[in-house]
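In: My questions concern the predicted model and sequence given below.
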Amino acid sequence: MVKAVVLGAAGGIGQPLSLLLKINPLITELGLYDIVNTPGVAADLSHIATPAKVAGYLPPDDGLKKVLTGAELVVIPAGVPRKPGMTRDQLFSINAGIVKSLATGIAEYAPKAFVLVISNPVNSTVPIVAEVFKKYEGVYDPKRIFGVTTLDVIRASTFVAESNGTPGASADVVVPVVGGHSGVTIVPLLSQSSPALETPSGETPDAFTSRVAALVKRIQFGGDEVVKAKDGAGSATLSMAYAGAEFASKLLRAINGEKGIVTPSFVALPDGGKALAEELKTLAVQANYNEELATLEYFSSNITLGPQGVDKIHPIGKVSDEEAKLVVAAVPELATNITTGVTYIAEAEKNPKL
Ligand SMILES: NC(=O)C1=CN([C@@H]2O[C@H](COP(=O)(O)OP(=O)(O)OC[C@H]3O[C@@H](n4cnc5c(N)ncnc54)[C@H](O)[C@@H]3O)[C@@H](O)[C@H]2O)C=CC1
Ligand SMILES: O=C([O-])CC(=O)C(=O)O
């Protein structure tokens, strides 16, 4: 018996994500919450003949409390999306408050739930959820809070498969994407792609290098590609819903005891980032980078999922010189993004109107 909840369920991501969760056989109850339209979305989905019992809730009459009570898995796609020309960080001023209020609800009504954060900027909203939870006795558990970076992983698989000339096989291509979820903080490790990125006969080393560089850029800025194409009507919704449902499904399978499920996610590092800092030092040498790097307390790494959530955080591992440079280049922005989220909650403590 698993109750899953979507907060922001009436939105561009929320609706298709709710559909995909409705057809997940591991979910027996699905709660949909938004500030608008959830009764309609729930009525619509309730006609699909799958086990999950669906109900929609709005803020009046304790809707957030009702939807969260008994929830084991909470997915948060609530908040505003980008328009062309915006960065994800520019969403912070609106989305930070939304995520803070929803995290407060989770801490109060579903303190043991696994929380999947989609709302941007993920590099800052995940620390917001963690900082809110830390204020409640016995609620914060870094193993249970996940920044969903699966869309970057899916883009990497799709684009690498296309580049290998096997577009139909993208689901079989596994590419770790580490760092965070915005621009240069998204670091695809194409050298670790399985199967490997192919070098067709006749391709010169220079041509291969520029193909890799173009692929990296496309994965890093895949979100912008969609924002531009949607021309003011928002950002990725359908591919994000697919990605969110895929991550939720992996986590549910791991909770049910399936072993060996490994996927990247932006999570808090249990040792405060010490192991990563050591690895980053080695990568800085590889990248010929001489400045001191900030210690990161959050990072998107490959993780093994288990019944408690995060079971094991994998090291970055062996990377190419170019990738070492990309990892190092991601650190300053990641550090700033993380601090922005943490500081926001500290300030909100002093000024409850935030
Ligand atoms: N992590 C990732 O890879 C991705 C993240 N995103 C992010 O997901 C978020 C949502 O995007 P869309 O669904 O396209 O936006 P949208 O505007 O279509 O939907 C957002 C929904 O959130 C609801 N909402 C606003 N305040 C709320 C509150 N306090 N409580 C509950 N619901 C609330 C709105 O009513 C709306 O239905 C954005 O921040 C976007 O940047 C988008 C794509 C990928
Ligand atoms: O680009 C955006 O703003 C939405 C997003 O996070 C993505 O598509 O990766």
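Out: Received the coordinates, thanks. Ligands and ions are numbered 1, 2, ... in the order given.

In: need the next SSE after the helix or strand where Ala214 lies, C-terminal direction.
Out: Using DSSP states H and E, Ala214 falls within helix 205-220. Going down the chain from helix 205-220, the next helix or strand is helix 222-230, by DSSP H and E.

In: CA-only coordinates of the helix or strand following that following helix in PDB, if you can.
Out: Following helix 222-230 in sequence order, the next helix or strand is helix 238-255 (DSSP H and E). Presented in PDB, the C-alpha positions along helix 238-255 are these (Å, rounded to 0.1, in the frame of the first residue of the first chain):
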ATOM      1  CA  LEU A 238       5.900  16.200 -20.800                       C
ATOM      2  CA  SER A 239       9.500  14.900 -20.700                       C
ATOM      3  CA  MET A 240       9.800  16.100 -17.100                       C
ATOM      4  CA  ALA A 241       6.600  14.200 -16.200                       C
ATOM      5  CA  TYR A 242       8.200  11.100 -17.800                       C
ATOM      6  CA  ALA A 243      11.400  11.700 -15.900                       C
ATOM      7  CA  GLY A 244       9.600  12.300 -12.600                       C
ATOM      8  CA  ALA A 245       7.600   9.200 -13.000                       C
ATOM      9  CA  GLU A 246      10.700   7.200 -13.900                       C
ATOM     10  CA  PHE A 247      12.500   8.400 -10.800                       C
ATOM     11  CA  ALA A 248       9.500   7.700  -8.600                       C
ATOM     12  CA  SER A 249       9.100   4.200 -10.000                       C
ATOM     13  CA  LYS A 250      12.800   3.400  -9.400                       C
ATOM     14  CA  LEU A 251      12.500   4.600  -5.800                       C
ATOM     15  CA  LEU A 252       9.300   2.600  -5.200                       C
ATOM     16  CA  ARG A 253      10.900  -0.500  -6.600                       C
ATOM     17  CA  ALA A 254      13.900   0.000  -4.300                       C
ATOM     18  CA  ILE A 255      11.600   0.600  -1.300                       C
END
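
In: what's helix 238-255 in contact with?
Out: Applying Cβ atoms under 8 Å, 6 or more residues apart in numbering, the contact partners of helix 238-255 are 2, 4, 13, 15-17, 19-21, 24, 26-27, 72-73, 75, 77, 114, 116, 118, 146, 148, 150-151, 153-155, 226, 261, 263, 265, 305-307, 309, 311. (Each C-beta comes from the backbone N, C-alpha and C, glycine too.)

In: returning to that earlier point: list the helices and strands the helix holding Ala214 packs on?
Out: helix 150-163, strand 186-188, helix 321-350 (3 or more Cβ pairs under 8 Å, 6 or more residues apart in numbering; DSSP states H and E).

In: Figure out which of these is closest to ligand 2.
Out: helix 150-163 (5.0 Å; Cβ to the nearest ligand atom).

In: returning to what we had before: ok, and does the helix holding Ala214 reach over to ligand 1?
Out: No. Applying Cβ under 6 Å from any ligand atom, one finds helix 205-220 separated from ligand 1 by no less than 12.2 Å.

In: what's the average pLDDT for that helix?
Out: For helix 205-220, mean pLDDT rounds to 96.
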